[in-house]
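[1] A structural model of the following input is requested.
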Amino acid sequence: MALHKTCDGVQRRDFLRVGMMGGLGLTLSNYLQLAHAGNVKDAPAKAGIFIHLAGGPSHMDTFDMKPDAPKEYRGTFNPIKTNVPGVEFCEHLPLLAKCADKFAILRGVSHTLGAHRLGTEYVNTGTRPLASLEYPGYGSVMLKENEQNLPNDLPPFVTIPNSPQRPGFLGVKYAPLKTGSTPQPGVPFSVRGFKLSGGLKVSDVEKRNNLLDDLDQTFASIEKQNQLLEGLDKFGQQAHSIITSPRSREAFDVSRESPAYAKKFGEESFGMSCLLATRLVESGVKFVSMSLGGWDTHRDNFTNLKDRRLPPLDQGVSALLTGLEEKGLLESTAVFITGEFGRTPKINERTAEGGRDHYPRCMFMLMAGGGIQGGQVVGKSDARATLPDAEGFTPDDAAATFYHNLGIDPTKEYHSDTGRPITIVRDGKIIRQLFS
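    Have a look, this model is predicted:
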């Protein structure tokens, strides 16, 4: 998947990396030591998928069109009907229009952070950023809340290939395993950290693991007195179980999907990432995060959207939702899709066709799966999509709703290493209409 740079120079980088594993898999071992997680919840959804539309997509040219607004607002795209009566999308989202009954649209979401970095932190955590504290992303909280119910032979939290989801004050032990690349059609996917470098085979790892067992016995008396060493040994064993586990290799191998099932995902990197996400959730991974960038359309907004951004979004998300349903996973998988903000309703004149600038005052979000009732629009923007009509919603509200859908109480308090109480979502309220 391409790395996109926004207008302020921010890149959606892989900040926390689990590097190449090497012969003994020690970096994966470190990851597992840090990713081990505490309480089992009976959640409406058992897994989560979060997609960040990096750069901020235009709400007026996608899911909140205003065909009756003045020309300098409405743009050049036309609305089309969906399979939900009375709901219309952009003409360049035909596949999503055919499965609109599978997700809910949240309109009139509003906030005040118009910079990419701050807006990204906000929508990836559900809490307005603070200079003194970094809040954790959804996947990290999901890990913490399911610490005793995580797969032993799979990484519980995966980003494809990277994501702004970060563990924040929870600490690096709740960080995701990042694939660093995206799958290719019909090709077994080699995940960074799972691939054995230098021509090593699983049998070689087995031999080296036996050698480590001998060394462990030699230093057993020391380890009994050192909890850190005992922990390293424990997670080293788990790293070994992952790289030698058939289940982990199969989970990441998209070439095992039937051609009929895989066809709808297409061959672009985002669609293939969505295909991999369905396999990971099916295999037992608790949380998957993805990014689709390139939405920072200050110039040539309509050409960029029509030719480059909307087609992969349309194919990837529609295939993800219908694919999860085909596997019987949609009811147990909470899906949340959002950018960091919307775009200005009024078109600028930087180029002949114009562009749209940052606009946090009004935006859309998509939710599906778990207890979310698909086929509905919740919230409304005004006649020119400049502000919410009436009260509107905030990213905090959406985050509280997403957590609720995952069976996590958004008002639960954690404590920093100094004992400071910190609420998961500081100000959000659950949007109950999405569940009815």
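[2] Run through the strands of the stretch 201-350 of the chain in chain order.
    Secondary structure of the stretch 201-350 of the chain by DSSP state E, counting those that start in this stretch: the strands cover 287-291, 333-339, 342-343.
[3] Burial-wise, tell me which of those strands comes out on top.
    strand 342-343 (a mean of 28; mean count of other C-beta atoms under 10 Å). In this view, the C-beta of every residue, glycine as well, is placed from N, C-alpha and C.
[4] Partner strands of the helix or strand that comes right after that strand, with direction?
    Remark: after strand 342-343, the chain's next helix or strand is strand 358-359, criterion DSSP states H and E. Using DSSP bridges, strand 358-359 pairs in its sheet with strand 342-343 (antiparallel).
[5] quick one: contacts of the partner strand?
    56-61, 297, 301, 356-364, 385 (C-beta atoms under 8 Å, 6 or more residues apart in numbering).
[6] ok so, going back, okay if I get the strands of the stretch 201-350 of the chain as JSON lines plus distance to Ala319 and mean pLDDT?
    Below are the strands of the stretch 201-350 of the chain laid out as JSON lines (distance: least, C-beta to C-beta, whole Å; pLDDT from 0 to 100):
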{"stretch": "strand 287-291", "distance to Ala319": "13", "mean pLDDT": "98"}
{"stretch": "strand 333-339", "distance to Ala319": "12", "mean pLDDT": "98"}
{"stretch": "strand 342-343", "distance to Ala319": "25", "mean pLDDT": "98"}
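[7] Which among those is found nearest to Pro70?
    Pro70 lies closest to strand 342-343 among the strands of the stretch 201-350 of the chain, at 16.3 Å (C-beta to C-beta).
[8] related to what we said a few turns ago, among the strands of the stretch 201-350 of the chain, which is nearest Leu154?
    Of those, nearest to Leu154 by C-beta to C-beta is strand 287-291, at 11.4 Å.
[9] Return the alpha-carbon coordinates of that closest one using PDB.
    Extracted C-alpha coordinates of strand 287-291, given in PDB (Å, rounded to 0.1, in the frame of the first residue of the first chain):
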ATOM      1  CA  PHE A 287      -8.200  -6.400  16.200                       C
ATOM      2  CA  VAL A 288      -7.100  -5.400  12.700                       C
ATOM      3  CA  SER A 289      -6.300  -1.800  11.700                       C
ATOM      4  CA  MET A 290      -5.800  -0.500   8.200                       C
ATOM      5  CA  SER A 291      -5.200   2.800   6.400                       C
END
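[10] Assign a three-state SS to His52, would you?
    strand (DSSP: H, G, I helix; E, B strand; the rest coil).
[11] can I assume it is in contact with Ser291?
    Yes. Applying C-beta atoms under 8 Å as the test, His52 and Ser291 come out as touching, 4.7 Å apart.
[12] Surely Lys66 touches Glu72?
    No. Look at Lys66 against Glu72 with C-beta under 8 Å: they stay out of range, at 11.5 Å.
[13] neighbour count winner among those two?
    Lys66 (19 against 13; other C-beta atoms under 10 Å).
[14] ok, now which ones touch that one?
    If you count contacts by C-beta under 8 Å, 6+ apart, then Lys66 has 60, 73-74, 345, 381, 383-385 around it.
[15] Now the residues you listed in CSV, please, with extra columns for pLDDT.
    Listed next are the contacts of Lys66 as CSV, based on pLDDT from 0 to 100:
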residue, pLDDT
Met60, 98
Tyr73, 97
Arg74, 96
Pro345, 98
Ser381, 98
Ala383, 97
Arg384, 98
Ala385, 98
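[16] Tell me, how many residues neighbour Gly114?
    Counted with other C-beta under 10 Å, the burial measure for Gly114 works out to 15 neighbours.
[17] For stretch 269-279, what does the pLDDT average out to?
    Mean pLDDT, stretch 269-279: 97.
[18] can you list contacts of it?
    Residues contacting stretch 269-279 (C-beta under 8 Å, 6+ apart): 1-2, 49, 160-161, 179, 182-185, 189, 251-254, 256-257, 262, 265-266, 288, 290, 292, 312-313, 315-317, 319-320, 323-324, 327, 329.
[19] Stretch 417-430 too?
    Contacts for stretch 417-430 (C-beta under 8 Å, 6+ apart): 126-128, 133, 135, 141, 169, 394-401, 403-404, 408-416.
[20] Recalculate using a threshold of 7 Å.
    126-127, 141, 169, 394, 396-397, 399-401, 403-404, 410-416 (C-beta atoms under 7 Å, 6 or more residues apart in numbering).
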